[in-house]
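Visitor: kindly return the folded structure for what I paste below:
(2 chains)
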2 protein chains.
Amino acid sequence: MKKYVYAFGGGTADGDGKMKDVLGGKGAGLAEMSRAGVPVPPGFTISTEVCNIYFQNDSRVPAEIQKEIDQQLAKLESKMGRKLGDPAKPLLLSVRSGAKFSMPGMMNTILNLGLNDETTEGLVKETGNPRFAYDCYRRFIQMFGEVALGVPMEKFDEVFDARKHKAKIKFDTDLTAEDLKAIIADYKKVVQKETKKPFPQDAREQLSMSRDAVFRSWWIPKAAYYRKMEKIPDDIGTAANVQTMVFGNLGETSCTGVGFTRDPGSGERVFYGEFLVNAQGEDVVSGIRTPSPISELKKWNEAVYNQLVEITSSLEKYYKDMQDFEFTVQDGTLYMLQTRNGKRTGPAAVRVAVDMVDEGLIDEKTSVLRVAPNQLDQLLHPVFDAASLRQLTKLATGIDASPGAAVGRLAFSSEDAVQMSASGPVILIRKETTPDDIHGMDAAKGILTAVGGKSSHAAVVARGMGVPCIVGCGAVAINERSKSATVKVDDKTLTIKAGDWVSLDGTTGAVYLGQAQTKDPDPNSPVFARFMKMADKYRGKFGVRANADIPRDAKAARAFGAEGIGLCRTEHMFFAEDRLPLVQAMILSDNEKDRRKALNKLLPMQRKDFQGLFEAMDGFPVVIRTLDPPLHEFVPKREELMVDIAKLPAADIKTKREMVARYKNFGAEVKNLKTVLPDLLKRVEQLHEFNPMLGHRGCRLGITYPEITEMQARAIFEAAVAATKKRKVVIPEVMIPLIGGVEELANQKAIVKKIADEVIAKSGINLKYMIGTMIEIPRAALTADRVATEADFFSFGTNDLTQTTMGLSRDDYTKFSKEYQDKKIFKADPFASIDQEGVGQLIKMAVEKGRATRPDLEIGISGEHGGDPSSVEFCYRVGMDYVSCSPYRVPIARLAAAQAALTGGDKSEAMRTA
Amino acid sequence: MKKYVYAFGGGTADGDGKMKDVLGGKGAGLAEMSRAGVPVPPGFTISTEVCNIYFQNDSRVPAEIQKEIDQQLAKLESKMGRKLGDPAKPLLLSVRSGAKFSMPGMMNTILNLGLNDETTEGLVKETGNPRFAYDCYRRFIQMFGEVALGVPMEKFDEVFDARKHKAKIKFDTDLTAEDLKAIIADYKKVVQKETKKPFPQDAREQLSMSRDAVFRSWWIPKAAYYRKMEKIPDDIGTAANVQTMVFGNLGETSCTGVGFTRDPGSGERVFYGEFLVNAQGEDVVSGIRTPSPISELKKWNEAVYNQLVEITSSLEKYYKDMQDFEFTVQDGTLYMLQTRNGKRTGPAAVRVAVDMVDEGLIDEKTSVLRVAPNQLDQLLHPVFDAASLRQLTKLATGIDASPGAAVGRLAFSSEDAVQMSASGPVILIRKETTPDDIHGMDAAKGILTAVGGKSSHAAVVARGMGVPCIVGCGAVAINERSKSATVKVDDKTLTIKAGDWVSLDGTTGAVYLGQAQTKDPDPNSPVFARFMKMADKYRGKFGVRANADIPRDAKAARAFGAEGIGLCRTEHMFFAEDRLPLVQAMILSDNEKDRRKALNKLLPMQRKDFQGLFEAMDGFPVVIRTLDPPLHEFVPKREELMVDIAKLPAADIKTKREMVARYKNFGAEVKNLKTVLPDLLKRVEQLHEFNPMLGHRGCRLGITYPEITEMQARAIFEAAVAATKKRKVVIPEVMIPLIGGVEELANQKAIVKKIADEVIAKSGINLKYMIGTMIEIPRAALTADRVATEADFFSFGTNDLTQTTMGLSRDDYTKFSKEYQDKKIFKADPFASIDQEGVGQLIKMAVEKGRATRPDLEIGISGEHGGDPSSVEFCYRVGMDYVSCSPYRVPIARLAAAQAALTGGDKSEAMRTA
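Guide: Reported below is the predicted structural model:
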């Protein structure tokens, strides 16, 4: 027969520490501690399977399982020499939730179960402490009333506060036994009134109801939300741990506390925690009384302190990880209530992982697996001082697009941002950003947009720059014209204006009004460096490159350990102030000759950029992508131009001068606006597209205007030659974007190869290079076997591949993405973490087909997913050679890659600190 | 040893009629005719393989093949008792191209080969006809000079015309032997001047050069273009047929002619053709002299006429198809030069196919395979009278988006079109059409747009309506404001204005200025009906449905033989004048209550529409798709609104009244424009998307606004109940669009099912229905196994699937599609014919995965490809149950489906009339 209920305590247990699936984390810990001889109050665990059965069985526990529970209860009663509901020697129990993965504070707990009018009197007699007994009973009524019976907490609070007020006392501990008896009487009235039934006196009924309440708490909103955040599956359920009560509130010789074997904030090896004398566990957590630091436990009871230190040290040695424990001292006797691997900050995680290697507790491999890659973010970006943040008004929460803390004055345009940045830090706030905003984004300490998702322009560029950024913050209604914004906070509409101070937390997405204090990270600390060195050791040949467009970013990338550039977007160079007019002239040419003229002027500029990249990446490969974005991104917006033309007849001289400034690159003067603007509009109309993402861009540009590809190829190879002559080792990889089939690649490759061979031959230098392609359109993946006949390498452009495979515009999907996550249609944001079920199939297919044709094909990823740990694992698993991500995520990718290499890419479970 | 050269003639041949791969169509025909005893001038065929070897071998024929040619030539010389280059008895030859598939007039031919200064004199002596001999020689120099030596034709023409002018004669036949001698002398000077070499006198050299010139003509542009049009592979090459010359220009007892065994225009069984006395074949084709009808041949030489009738009749019986033949009578002796299956019009193809069954020549299966499905187009739409068209000025050529001929006056807006249509036929001319234009398109006899491709809005809707339509006609520059357009014709810029007459040929894409005569088709002719009945007989269970949105189209679909509706786009109903304000109110609501209010008003209207569809389709299934397009399609255009707001401050009362008319649905009045327009813009901005194709549309609407799906489901099932009560057999299939995975389908299915079951239960009627989904996003295809767990049917939306799989916007790709076709990146328009290599892989995968989960899954296609014959074959081959297309293509799809069923979907070769 299948076993559903597992006993523990008294030096023995039915289960063990490995049975987290069945017993949950807490239950497994209790079993393991029992087996290790740790003083644990005995009890039994009702398995997680029962929780699932409960939900499938119309919220009822089947009779045969009830029978097993009854049997375990009987055994427990006999072990303890007490009986549930026995007024003479009442057994008191706690019922606690406990899922496979830790969900601290998210689900319900019931304590002091077994008390009723009779057993409370028995407890009075047994302990000779009426105040304690009545306090337990009133606590039980309150907790059970709220959790199992659904009575609103405030109903009890009203009674309790009224009594305290009446008794004119300040602290709960000052309430007398009589006060508590009166409270109990009133509590029972509350229950009667709210539930239309008396408070249940049958202790067994109390137990069943408590167990069911714990199961039901699996689905309370905060628990469900936490699971979504932590990517914990909904279908694993929680166990219910039924355990003998021990009392930290039996008087001055009793206490209760929580602690960590090391400092969870810094990772320092100090005994860390707090405790409260004459209290139950909830008092420590609730913050009603201020607990004492655990060091004072030594003064209070040195023997207990020493025993606790000894037990927890051996627990840490046993679990080989920092422990988060709960304990209770009942009348001088120590009981351990719980131990688990402790949650910790990023810096602490790294420090503990490194220290434990030094202490011989864990080996290097375990150490590398101990830190969740995303935790490194806290070591790479400034963070807010929590105390200073609490004093600010939180305005809104958007999408956390680029991590880190930023404080500055609001600027509503890129021009303003540049200007204001001279006199202090600036936060750029825009409805959305476009490539036009690059200079403003560059000047800003943080970026806030009202629309867009994690792959929007603002998000991608900000991450590349390492600038904190929040996007899709729809609650902030921006009026760019009046340079102000409104936001509703607690039913009041606040207006924020240009120059106002705000604080952005790019890690959480929260926006605050005012100036918070920030703490800078130390990414160059020796501990961090040692940890990353270990990670790299186990990462093996799986490479990590960075996406970088300019030499400055390339240098940052190298500093973060990038082994080359996986994506240089050449168009980012096109938006620089000195180049944009040339690019625009090129675009507006209606013949090849004029286009070539403009391109010839761009050539030396691009060559210089590329040379800088090659020199920064000395010895490492540099993947340069030919021009990708639709050309209309470089010219004025169609609708703005239309509006200006509409305004022109009635425009005053000031307005006209503004227009001249706006269109100066196109020959606008006050006197010729009437002809220049309509002419410009005509060309802009020709460039206009209904779905630019699927339009005339990528290799389609190079195919219709081969002279662009020629110029870029010439710039790349002349730069490569120049850098080589400066004794740098140059490894150029030219990448053709947005191909749908081998024909497009072959067309562009022929152009690049011709120029490359010509430039190299002329230089007399021996220079190897590769020509490859992005795989970012489903058709390219589907026909990868043929594409590989022309490609030296593949680089997956997973942003576009996600857009096309899912038919989902990254700029527009935020309109419904929240609804999609709430309704569980999206399990995760597909632009943050690769959709392995759908997009992943195409990636896998392309890798297999590509290698079938060309076994030595170099394969990497250059989409935004390259910095997402679970996506990195996926890339490792499907056999890619490297990932490439924004410079500031390189350490995260290095660690994720190391973990993937250590676990063969299947470490999703191993990684959760359960 | 491999054989490369095949002799024929004199009642025997090395090859036979089946060897088209090797001998080409002409060569195989000559071999077959020789074997059948038809009087064919003897000769030999140099195989198509030699052509490929020639190109692979640096444009040289290898020595061993040359040797084989020489041996065959020797045999031919001995057979004819003449020798090439022998002045006494010169052998004269023709060299003709001949590929596997007929490419009439596309490649080169050389006649009279073997003539030089000496042999010409020999010929003079032999025939006693100097004029004939010199005429042959001058023709040979001219033809060889142009084709083999690359001398421009006009250089010869100048000489020839100068001589005619000098001799003061009108007809070539009036030139004397002396004139011709002088021409020959001048011709030789031309050759010397142009090629820097004398005209080659060595007859063997002439032969080799002619052969090579024929091979080279495989790649002349018109030939390459023809192959692209006809989808003939580039790598099959042409044979070179070397044949003894016979002369139709030996005097009044000689003639040459061409003919068909039946009328290629009507298919009528009459002896059809024309001939010229004392002429060579090229004279008949060139149109220099007007040939006589073949009936007059009887008068000229009855014996020859009877022999020709007898031979061609037996050839038709032998080949079991209408023959297109060439013949020459040399001095009273008949020679057959060529026979092949004759090209014919659509009506002729159908008539011949039916007649030949009656004549017992072919069986029904062959008959069904004899007509190319697209040929039926000519039987379904009006066509222009060719003569009347020749008198009009051709303005431009656009993309042939919907076939048929249309004549009418130009209307530049949909409002004008409706108004003008009261007083005569109208052609709607627009830059592009939008759903707003439905009423104008409905009123027009033809539609012309400047932008867009075959899948643009205009194209799709026009095909659905059966209205001729030309799109992407960029040469016409439209000014919608001034209601005029300009177009360059022969360097002159013509202006066309509202009210001008134009004639559109939707079948070819040509636009003419003026009124052409049209001929109406008779799709109900008994011959056509009989043919379609045969086709349906062999089509078996593979179904053909129609895409129809309104009862009128549904009735048309039934008349064309549709077996149900494969796609009803419910949104088309939303644009009707009485509904649009309700739809807009629904969209602009910012809360569910207001949305429901508007939806409740739409409900009875949708119900009525659906009931009409169900009644029209009595007994056949009706697939109804829930709302699909992005909501901003139903509200004013963002940029127009922005322009109007910009104009408002300086607007006069007239302009304001125009605005009020434009925004009357949104409560606009003259006095409130200042507040109404900005408010409206705010909401329109919220709906604005960067890539609407990948945005908030399809099932994403129904998921965020479940009340829309609820209303539509209610309308469908209440309509189904109402139609059932009217004793109609109703088979509703509700289709959820744009899903990316099973989760979205499950969400919408639950909503539809709940309403359906509720409505059906309430009605007390037993009504079966299905709920299925479009497969139009790659992810849906990739996860089709899971999708099928919730789907009763799949319908491939190949328009969107092509867009997403190829990353290609159908609205924008015309910007570069021409370049892509010219550079051979696209082999065919992927929106006209399924991209089998890429998109096809996903379709195949989805069919297999879907059926793996649910073997009885109903699978069809509802994209525009459902009416394309090669796509229909593909659908059959991958195992779909049906195709669905616009009503006017249903007969084409029925025939394509029948042919697919007869050939197992592999009939691409069988179908070419070679």
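Visitor: touching, A:Gly24 and A:Thr238? I think so.
Guide: Yes: using Cβ atoms under 8 Å, A:Gly24 is in contact with A:Thr238, at 6.0 Å. C-betas here are computed from N, CA, C, even on glycine.
Visitor: which neighbours do these two have in common?
Guide: Residues within reach of A:Gly24 and of A:Thr238 at once, by Cβ atoms under 8 Å, 6 or more residues apart in numbering or on different chains, are A:Thr48, A:Ser97, A:Gly98, A:Ala99.
Visitor: now, which of these sits nearest chain B?
Guide: A:Ala99 (23.8 Å; Cβ to the nearest Cβ).
Visitor: dump the residue contacts of the closest residue to the closest one other than its chain neighbours.
Guide: Once flanking residues are discounted, A:Ala99 sits nearest to A:Thr238: 4.4 Å by Cβ to Cβ, 6 or more residues apart in numbering or on different chains. Neighbouring residues of A:Thr238 by Cβ under 8 Å, 6+ apart: A:Gly24, A:Thr48, A:Cys51, A:Ser97, A:Gly98, A:Ala99, A:Met107, A:Val214, A:Phe215, A:Ser217, A:Trp218.
Visitor: most proximal residue of the stretch 601-750 of chain A with respect to chain B?
Guide: A:Ala650 (3.3 Å).
Visitor: share the number of residues neighbouring that residue, please.
Guide: Burial measure for A:Ala650: 13 neighbouring residues, criterion other Cβ atoms under 10 Å in any protein chain shown.
Visitor: find the residue closest to it in space, skipping its chain neighbours.
Guide: B:Ala650 (3.3 Å).
Visitor: before we move on, the earlier item: give me the pLDDT for the residue of the stretch 601-750 of chain A closest to chain B.
Guide: For A:Ala650, the model assigns a pLDDT of 90.
Visitor: ok, it touching B:Pro649?
Guide: Yes: counting by Cβ under 8 Å, B:Pro649 is a contact partner of A:Ala650 at 6.1 Å.
Visitor: could you point out where the stretch 501-650 of chain A is predicted with low confidence?
Guide: Where the stretch 501-650 of chain A drops to pLDDT under 70, the residues are A:523.
Visitor: can you pull the residues of it lying near chain B?
Guide: A:Arg638, A:Glu639, A:Met642, A:Val643, A:Asp644, A:Ile645, A:Ala646, A:Lys647, A:Pro649, A:Ala650 (Cβ under 8 Å from any Cβ of the partner chain).
Visitor: quick one: which of those residues is most hemmed in?
Guide: When these are compared by neighbour count (other Cβ under 10 Å), A:Asp644 ends up highest, at 24 neighbours.
Visitor: which outside residues touch the helix or strand containing that one?
Guide: Secondary structure from DSSP states H and E places A:Asp644 in helix A:638-647. Residues outside helix A:638-647 that contact it (Cβ under 8 Å, 6+ apart): A:632, A:655, A:659, A:662, A:677-678, A:680-681, A:684-685, A:688, B:638-639, B:642-647.
Visitor: stretch A:144-164 now?
Guide: Identification of contacts with stretch A:144-164 by Cβ under 8 Å, 6+ apart yields A:108-110, A:113, A:141-142, A:170, A:172, A:175, A:179, A:182-183, A:186-187, A:190-191, A:194-195, A:199, A:206, A:209-210, A:212-213, A:217.
Visitor: of the residues you listed, buried ones?
Guide: Neighbour counting over the contacts of stretch A:144-164 (16 or more other Cβ atoms under 10 Å in any protein chain shown) leaves A:108-110, A:113, A:141-142, A:175, A:179, A:182-183, A:186-187, A:190-191, A:199, A:206, A:209-210, A:212-213, A:217 as the buried ones.
Visitor: for A:Leu337, which three-state class applies?
Guide: strand (DSSP: H, G, I helix; E, B strand; the rest coil).
Visitor: filter the contacts of stretch A:144-164 by proximity to chain B?
Guide: Taking Cβ under 8 Å from any Cβ as the test, chain B is in contact with none of the contacts of stretch A:144-164.
Visitor: among the residues you listed, which are in helices?
Guide: A:141-142, A:179, A:182-183, A:186-187, A:190-191, A:194-195, A:206, A:209-210, A:212-213 (DSSP state H).
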